[in-house]
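Engineer: Kindly generate the corresponding structure for this input.
(one chain, ligands or ions: 1)
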Amino acid sequence: MIPLTMRKPLAMAALLAGLCAAPLFTISAQEPNHPKKEHHPWDDKSLSPDQRADMVVKEMTLDEKIRLVHGTGWGVLREGDPIDPDSNFAAGYVAGIERLGIPGVNEADSAVGLRMAAYQSRYATLLPSTLGAASSWDPAGAQLYGDVIGRELRAWGSNMSIGGGVDIMREPRNGRNFEYAGEDPLLAGTMTGNLMKGLQAEHIMGDIKHYAFNDQETGRDILSANIGKRAARESDLLAFQIAIAISDPAAVMCSYNRVNETYSCENDWLLNQVLKKDFQFKGFVLSDWGGTHSTVKAALAGLDQEEPEDIYFGEPLKEAVQKGEVPMSRLDDMDHRILRSMFATGIIDDPPFPRSVVDPFKGRDDAQHIAEESIVLLKNENHILPLNAETVHSIVLIGSHADVGVLSGGGSAQVDAPGGNAIDPHPGSAYWGETVYFPSSPLKYIREHAPNAKVEFNSGDDTAAAANFAKSADVAIVFVNQPMHEGMDAKTLSLPDNQDALVSAVAAANPHTIVVLETGGPVSMPWADNVAGIFEAWYPGIGGAEALANLIFGNVNPTAKLPATFAKSDDQLPHPVIAGMDLKPQPHEVETNLGGHRIRHNEMRLPPFDVNYTEGAKVGYKWYESQHIEPLFWFGYGLSYTTYEYSGLKVDGRGREVTLTVKNTGSRAGAEIAEVYATLPAVSGENYKRLVAFDRIPLAAGESKTVTLKIDPTLLSIFDEAKDGWKLLPGDYKILAGPSCNNTPLTAGFHIE
Ligand code: BGC
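Structural biologist: Residues are numbered from 1 along each chain as shown. Next up, the predicted model:
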């Protein structure tokens, strides 16, 4: 048990999740729990998952019903806590029911790859951040992303992923944006849904999180995100709706925060009414770690599983059922949903054993492919890029440990670097909040691409020395970084550690300066006008440096486009300062189960506060357009080494289908992401456009293709609060198409009576 005096004044969950440090002794990983194969009537695969689940529920005792609706403790996440003998060291474990052939569930953090591999002397592939992957606008790439995670979870012996973040980017300084998929509900929902599809195809249960409005980390366990129903449904909730419709995920994780004053995990509107009724979500709702706050209220509001403990859904739930405060039918529904997901995803019919080792080369190749589709070219003055390996004689690389590695994101999305952190190797898993670099060296791969050039590195620690170093080189490439992790937001959009000054100094010394950003999300770039080239590489994953070198030298043509708008500065944002940033932590009483003992104690937390979403549904580009603000880079923007021409936009009379032609007018093969937006009739009150369709179109040099894209009517509708449903307004609709949200050369219209 950890003495409470040793605790830092952090939010409970952040603290507890963060206590996973390097083990002091070797732990032998366990085979997953796989009940002995006995025949049960529900083994019949010709029955539907619902029928099979119902058959199991009928056989379950009350204790067994309770067992499936809570976790068995913090386990590996909290030093000293007991680990269930059948757990496979994932973040959470739910005990199985052997006599009924129901396996235990290892709920594993795996947002951008599997967490805590080093803890078990295992390897896991670090993929590009999901935000990066969303920049590909490539649903097939998203499925591949999910497939990598799914197959590595299988190898590990885990049967459930608890990744799948889809909170839309309302707050560009949110510490977890790198785990999400950007600011637009259609793009974020489509990419996350396809990721889940790829993952569940590996017969692993998937999860979509954090439901809902967990849009900032500051005060995440206490803040109330306040928003009207229409705005909520047309923004954050729409991303969840789309992802759920695409993938039928096994689970949805409710978030820590409150929504309109009620905790998400006991919020009847969010869980029962919207998620289960309107979205027709058939899986189960599990709480974020420590995010359950009640028994009867949460159970009746739609929470199906408490994680990671049994404070509310263990004995107290059993008693509440016995007293009739929670009807048995509701407990049966919880179990039904959990079992249905197990049958539907195949974890019972095709369990992940025997365990195996992952294929690191396949993982790296897949990660590199996704990175090549993810890295966005934002500026290319005078065609400085791609660099010509034949004519460039000297290149200097500056900053961000570009000699040894690429940056990764932290918190529960942290993947362990093979061989340890490239800038601070140590045994075991990464520490909470550690800035971890992966051994994918830009210096090495840039040298490989330009064997005849002198390629050198400078740390960038001394700005004047770095500028001097850059002066005489043909090209200077400055790497800048923004380390981000769960539990913390960036205070501003500015790069940390004086890196803006570094870029400015190098750019002043060398007119051929290219900047490579390794950031969790958007940052400001006061030097943007003074540099020749800019790449946004996000956190590019274990194949990141090779991908980047391929893009820099033109072996791969950039195709990615921004999944979020980049503001010029914080004062352009709807909330120039993050709500709660200035508040002081206060003692807050919490109950927990430490080393098997239930205790109540005080923790330092921010006091309750409100985040009023005054911008409503106007998130990202919708905000800038509606306020007539010119940001630094718009949503959907990204350059290529070739050029494209758009023509021939047609829309059918009901706005269900658009056709357009894109031609590659340059001399290189590429893939153009065509974006289709719509504006609604004036009566909607909306003075901004919405993304309604997109397509990634591969085109050889000179090739032209005509594509037809479907538009889902929901994307053209408003959410009518009075009717509690979607409504297509009568009037004139405009369709706009082109290469980015502020560049839509094609327009067409249709009218709805
Ligand atoms: C995070 C979740 C994560 C869980 C388990 C929480 O702190 O918010 O995203 O899955 O911990 O590690």
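Engineer: could you pull out the strands for the stretch 401-550 of the chain?
Structural biologist: For the stretch 401-550 of the chain, the strands defined by DSSP state E, counting those that start in this stretch cover 406-407, 437-438, 454-458, 475-482, 513-519, 533-536.
Engineer: I'd like to know which elements the third one is packed against.
Structural biologist: Using 3 or more Cβ pairs under 8 Å, 6 or more residues apart in numbering; DSSP states H and E as the contact test, the elements touching strand 454-458 are strand 394-398, helix 442-449, helix 463-471. (C-beta placed from N, C-alpha, C; glycine too.)
Engineer: Adding mean neighbour count and mean pLDDT, write those out as TSV.
Structural biologist: Shown next, in TSV, are those (neighbours: other Cβ atoms under 10 Å; pLDDT from 0 to 100):
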stretch	mean neighbour count	mean pLDDT
strand 394-398	24	98
helix 442-449	20	98
helix 463-471	18	98
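Engineer: just the strands of the stretch 401-550 of the chain: most buried one?
Structural biologist: Highest mean neighbour count of those: strand 406-407, a mean of 32 (counted as mean count of other Cβ atoms under 10 Å).
Engineer: Need the residues that contact that one.
Structural biologist: 400, 435-438, 440, 442, 481, 483, 518, 537, 539-541, 544-545 (Cβ atoms under 8 Å, 6 or more residues apart in numbering).
Engineer: so residue 470 sits right up against residue 396, yeah?
Structural biologist: Yes - the pair residue 470 and residue 396 passes the contact test of Cβ atoms under 8 Å, sitting 5.2 Å apart.
Engineer: Overlap in contacts, these two.
Structural biologist: By Cβ under 8 Å, 6+ apart, residue 470 and residue 396 have these common neighbours: 458, 476.
Engineer: From residue 308, how far out is the residue of the stretch 51-200 of the chain found nearest the ligand?
Structural biologist: Among the residues of the stretch 51-200 of the chain, residue 91 lies nearest to the ligand; the distance is 3.9 Å by Cβ to the nearest ligand atom. From residue 91 across to residue 308, the span is 7 Å (Cβ to Cβ, to the nearest Å).
Engineer: any shared contact partners between those two?
Structural biologist: 75, 77, 289.
Engineer: and the ligand, which of those reach it?
Structural biologist: Applying Cβ under 6 Å from any ligand atom to the shared contacts of residue 91 and residue 308, one finds that residue 289 fall near the ligand.
Engineer: quick one on the thing from earlier: among residue 91 and residue 308, which residue is more densely surrounded?
Structural biologist: residue 308 (31 against 26; other Cβ atoms under 10 Å).
Engineer: Please list all residues in contact with the residue nearest to the more buried one when sequence neighbours are not counted.
Structural biologist: Nearest residue to residue 308 in three dimensions, chain neighbours excluded: residue 71, at 3.8 Å (Cβ to Cβ, 6 or more residues apart in numbering). Neighbouring residues of residue 71 by Cβ under 8 Å, 6+ apart: 92, 93, 94, 107, 305, 306, 307, 308, 309, 310.
Engineer: and which of these is nearest to residue 365?
Structural biologist: Proximity of the contacts of residue 71 to residue 365 was ranked by Cβ to Cβ; the top entry is residue 107 with 28.1 Å.
Engineer: for the ligand, what are the nearby residues on the stretch 351-500 of the chain?
Structural biologist: Listed as neighbours of the ligand in the stretch 351-500 of the chain under the rule Cβ under 6 Å from any ligand atom: residue 412.
Engineer: 8 Å - rerun?
Structural biologist: 411, 412, 413, 486, 487 (Cβ under 8 Å from any ligand atom).
Engineer: for the stretch 151-300 of the chain, same thing?
Structural biologist: Neighbours of the ligand within the stretch 151-300 of the chain, by Cβ under 8 Å from any ligand atom: 162-163, 165, 176, 179, 209-210, 214, 220, 253, 255-256, 288-291.
Engineer: Most neighbours among these, please name it.
Structural biologist: For those, the largest number of neighbours (other Cβ under 10 Å) sits with residue 176, at 31 neighbours.
Engineer: Residue 320 and the ligand, how far apart?
Structural biologist: Distance, residue 320 to the ligand, using Cβ to the nearest ligand atom, to the nearest Å: 25 Å.
Engineer: Please name the residues that touch residue 739.
Structural biologist: The contact partners of residue 739, by Cβ under 8 Å, 6+ apart, come to 561, 636, 637, 644, 646, 672, 673, 674, 675.
Engineer: Could you export those as TSV, including neighbour count and distance to the ligand?
Structural biologist: Output for these, formatted as TSV (neighbours: other Cβ atoms under 10 Å; distance: Cβ to the nearest ligand atom, whole Å):
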residue	neighbour count	distance to the ligand
561	28	27
636	27	28
637	22	30
644	20	38
646	19	40
672	24	35
673	23	29
674	23	34
675	27	30
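Engineer: can you pull out the helices in the stretch 551-700 of the chain?
Structural biologist: According to DSSP state H, counting those that start in this stretch, the stretch 551-700 of the chain carries its helices in the segments 621-627.
Engineer: what's across from residue 209 in the sheet?
Structural biologist: Counting by DSSP bridges, residue 209 is bridged to residue 165.
Engineer: sorry, back to before: if you skip the residues just before and after it, what's nearest to the residue of the stretch 51-200 of the chain closest to the ligand?
Structural biologist: In space, residue 91 is closest to residue 109, 4.7 Å off (Cβ to Cβ, 6+ apart).
Engineer: Run a quick neighbour tally on the one you found.
Structural biologist: 26.
Engineer: so what's it scoring on pLDDT?
Structural biologist: If you check residue 109, the pLDDT there is 98.
Engineer: That one contacts residue 164, doesn't it?
Structural biologist: No - counting by Cβ under 8 Å, residue 109 does not reach residue 164; the two are 10.7 Å apart.
Engineer: give me the number of residues near the closest residue to residue 629 other than its chain neighbours?
Structural biologist: Nearest residue to residue 629 in three dimensions, chain neighbours excluded: residue 572, at 5.4 Å (Cβ to Cβ, 6+ apart). Close neighbours of residue 572, defined as other Cβ under 10 Å, add up to 19.
Engineer: The one 10 residues further on now?
Structural biologist: The number of residues packed near residue 582 is 9, by other Cβ under 10 Å.
Engineer: With that, I have no additional questions.
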